[in-house]
Every structure is written in structure tokens, then in C-alpha cells.
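Student: Could you work out the structure for the sequence below:
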Amino acid sequence: MSGRPRAVIVVTGSELVRGDRRDLNGPFLAAELVGLGIEPARIVIVGDAPNELEGALRLGLDADLCVVSGGLGPTHDDRTVELVARVLGRELEVDPELERQIEAVSRGHAERLRRPYADFEAGVRKQASLPVRAESLGLAGTAPGFVLEADGPLFVVLPGPPPELRRLWAAALESGPVRAELARTEPPERRTLRFYRVSESAVARALEEAGGEGEGVEATICARDFEIHVDLVVEPEGGPRADAIANALRVQVGESLFSEDERSIAELVLDLCRSRGLTLATAESCTGGLVAARLTAVPGSSEVFRGSVVAYADDVKERELGVTAELLAAHGAVSAEVAAAMAAGVRQRLGTDIGVSVTGVAGPGGGTPEKPVGLVYLHASGPEGELAAEFSVPADRETIRVRATVAALHLLRRLLAQSPDGSV
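Tutor: Residues are numbered from 1 along each chain as shown. Model prediction:
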């Protein structure tokens, strides 16, 4: 937003440019910066070629802050440090304390691998070489991070592996130069309204009718996993405008609003179970355990979630979930009847209060005119009632599986909230 310090994020790695790996660092850093009151102007993903990387780093010279990830290793194609030094007109020098730290780690590696330390020595010296007047942030593995103040921008250079980057990002936030930069701005308030079973265009129309953004509020609408999220970034003077926008959205599309905080649908489901003292299990076919994966990704889920049965084959549905052969023969594995039996079966077999099931045709093959690819049945069963749902949307295999996963979680939410509406 105007008036706030601007940041450029440079993410380096040829494997990212080739598509071999997905960038996790750029979105993480951008979200962190927004929360701190710094506007991420751009995220640049660049390979390891020196001219390309140098060009990307020079983009940071026009910003207040440039955060760089990757290229800090000991090999020939790890060029970030030397190119940051070149862009800022600095020489490289060995940091003796950093060299001692990296040497200690590398000697341990050498011993475990039964290799002479001499094999690591050149790489140690390379990794311990920083631009003149750089402030070390310590190590994550053998990769150092550092902060470097230039005449204009502040450079923060971090390792590429996401766990290592996040560890040293925390150290960067405690460093003097970064704290001085953060003192120039005030973190904005952030509000998030999450909707399900409504189109992006309907939410956009409701936002427009509410007067849209402005007056200290920046609004973005984003479709994420078949939900629609409205994110409001609110300046100190924008509170009344944000209230008006939120109230208008509640009036226009409130029947689809399920959350006004940062909790995911999986967190909401677990919190509803926890507040009512209920346990939960999943029975999954076409989703292959994705519903369970979403739930168990939430810390503390073990208080509520007992387990999952992934019953892909019919004989597993019979043996592990108690779905009868007669029911399968009469209705087929992809049917409302089998979905209901799977939900009841997992409740019984795992001894839980709530069971949710998913069965469908994820494709690309296996569809028929009666049961095409994209047809999914869901069922949620609990001590106070049941809800069933289905959808049929032609799509690719991954899209169908993700949509089914999200639909199962929202079906659980409606059951736990005692909503009478069982459609998806």
C-alpha cells in the first residue's frame, strides 16, 4: 500500500524455474512482510545463471528491503553471496567465527560419511565468506544467513530450504537493521472472511455494492480450494470502512460465510468437535486419505481425531468397514448407500462419535454414463443426526480429489453446527 516501505523478494534456484519444485519461500516471506507493515512489490523466481540472478538482485536496489533466498551452499552454482556483493559494490571477506561454526558442522559430516575433512574445506571457506560489513544471522545446517545495509536498501539473505529459511528469518527479525526498518511502519490490521458454496463473482458483486475498497482498506478476493476468501488489509484510519464492508458482505452473501478469522475449515471442524467433546474418524476411497491429512496437519488434532480407513478396494470396504457385499452389488461402490455404510462403519470400527466418508470416480478412467468421472458421494454421521451430499463436476483427477476433501470437511462443519442443509 502507498506510503509503506516496499520489498522485493528474490527466490533463486534452477529447480524452481524448471518446475521440479514449487516455491514455498516467496509466499511465506510475502505474508510475513504484509503482516509487518511492509508492502511486497514483487516476488522474482530466478535460476542460478549469474546474469539472470544478478539482474534479479538489482531489482532490489529500488526497494527499501530485498529478501533473498537460496544459493548459499558450498558448490559452484551457489552464487548468491558473490552476486549480492557485486551488486552492492562490496568485497568478500572470511568471517572467522562463522568459519569455525561451519567447520565444526562439516567435520561432523565428514566423520559420519568417513571422508577426509579436506573434501569439505574449500566449501567451508566459501560459505564463511560474506560481503564486507555484513551481519551474520548464524547457521541453519551449514548455510549462513546475513543482513547487509546498503546506501539505499537493506538486504536480508537466507538459505533456500524452507525450514532453514524460517529459522533464520526469525533471527533476521531480531537483528538491529531489520528492527530499525520495521520501526518505520505500523503493521496493518488484517481481517479475513471465508465463504463456501458461493461464486467468486457473487462475492465480487457484493463487495462492489458495498462501495469497494478505499478509505484505508485494501480488499482482495481469492478462490482457494473451492472457498472464496476476502482479505481486508486495514490501515489505522480504515476501521469504519472495513466494518461497513464486512457488514455488507454478511447481508449479501452471509448464508455462505463460515469464518471471520484465520482458521481453516479443518481447524473449525476440530474446534467444534473439541468444544462438544466428540471424536472423529474418516472413511475414504477416492480421496485416498486426503481428508485425514488435512485434519492431522492441525497441531493438537489428536485430541479429537482417532484415525482413518482408506478403503479403495471393495473387499477392504467389506472387511474393514462392514459394507456388505449385497449393498455393493446393488448400488455400486460409488453410491449414496455405500457412502452411508462407510461412515457408519468407521464410527463403529474406530469407536468414534463422528464419521465422515467419501467415495467417487476421480478418473481419468472408470467413469460410465450413469456414474461419470467427477461424481462423488459424501456422508457424515454423528450421535445427533446425519448429512449426505453429492456433486458431479467434470475435472481432472487432482481437482476432483481436492474438491471432495474440502466438501467432506464442510459437510462435517454443517453436521456439527446442526445445519439442516445437506447439499454441497
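Student: Contacts for the host helix or strand of Ser201 next, please.
Tutor: Per DSSP states H and E, Ser201 falls inside helix 200-209. Helix 200-209 has contacts (CB atoms under 8 Å, 6 or more residues apart in numbering) with 195, 213, 219, 221, 223, 228, 230, 245, 248-249, 252-253. To be clear about C-beta, it is placed using only N, CA and C from the backbone, and glycine gets the same treatment.
Student: for it, which positions count as buried?
Tutor: 203, 206-207 (16 or more other CB atoms under 10 Å).
Student: same deal with stretch 112-127?
Tutor: Buried, per 16+ other CB under 10 Å, within stretch 112-127: 120, 123-124, 126-127.
Student: again with stretch 382-400
Tutor: 382, 387-391, 400.
Student: Can you flag which of those belong to helices?
Tutor: Judged by DSSP state H, helices contain the following of these: Ile400.
Student: Dump the buried residues of stretch 382-400 to a markdown table, plus pLDDT and distance to Ala110.
Tutor: Shown next, in a markdown table, are the buried residues of stretch 382-400 (pLDDT from 0 to 100; distance: CB to CB, whole Å):
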| residue | pLDDT | distance to Ala110 |
| --- | --- | --- |
| Gly382 | 96 | 57 |
| Leu387 | 97 | 60 |
| Ala388 | 98 | 61 |
| Ala389 | 97 | 58 |
| Glu390 | 97 | 59 |
| Phe391 | 96 | 57 |
| Ile400 | 97 | 49 |
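Student: Tell me the one of the buried residues of stretch 382-400 nearest Gly367?
Tutor: Ile400 (10.7 Å; CB to CB).
Student: Against Thr368, how distant is the closest one?
Tutor: For Ile400, the distance to Thr368 equals 16 Å [CB to CB, to the nearest Å].
Student: still on that earlier bit, out of the buried residues of helix 200-209, the closest to Leu278 would be?
Tutor: Among the buried residues of helix 200-209, and counting by CB to CB, the member closest to Leu278 is Val203, at 31.4 Å.
Student: what's the closest non-adjacent residue to that closest one?
Tutor: Ile228 (5.0 Å; CB to CB, 6 or more residues apart in numbering).
Student: quick revisit: neighbour-wise, which of the contacts of helix 200-209 leads?
Tutor: Ile245 (26 neighbours; other CB atoms under 10 Å).
Student: how far out from the middle of the chain is stretch 156-167?
Tutor: 16 Å (CA atoms, centre = their mean, to the nearest Å).
Student: Kindly apply the preceding question to stretch 384-392 instead.
Tutor: For stretch 384-392, the distance to the chain centre is 28 Å (CA atoms, centre = their mean).
Student: Now tell me what touches that stretch from outside.
Tutor: Residues from elsewhere that reach stretch 384-392 (CB under 8 Å, 6+ apart): 336, 339-340, 343, 372, 374-380, 403, 407, 411, 414-415, 418-419, 422-424.
Student: Only C-alpha atoms, please: export that stretch in CSV.
Tutor: What follows is stretch 384-392, C-alpha atoms only, in CSV (Å, rounded to 0.1, in the frame of the first residue of the first chain):
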residue,chain,number,x,y,z
GLU,A,384,-27.5,-36.4,16.7
GLY,A,385,-28.1,-37.0,13.0
GLU,A,386,-26.6,-37.5,9.6
LEU,A,387,-26.0,-35.4,6.5
ALA,A,388,-25.4,-36.6,2.9
ALA,A,389,-24.2,-34.8,-0.1
GLU,A,390,-23.1,-35.4,-3.6
PHE,A,391,-21.6,-33.4,-6.5
SER,A,392,-20.7,-34.2,-10.1
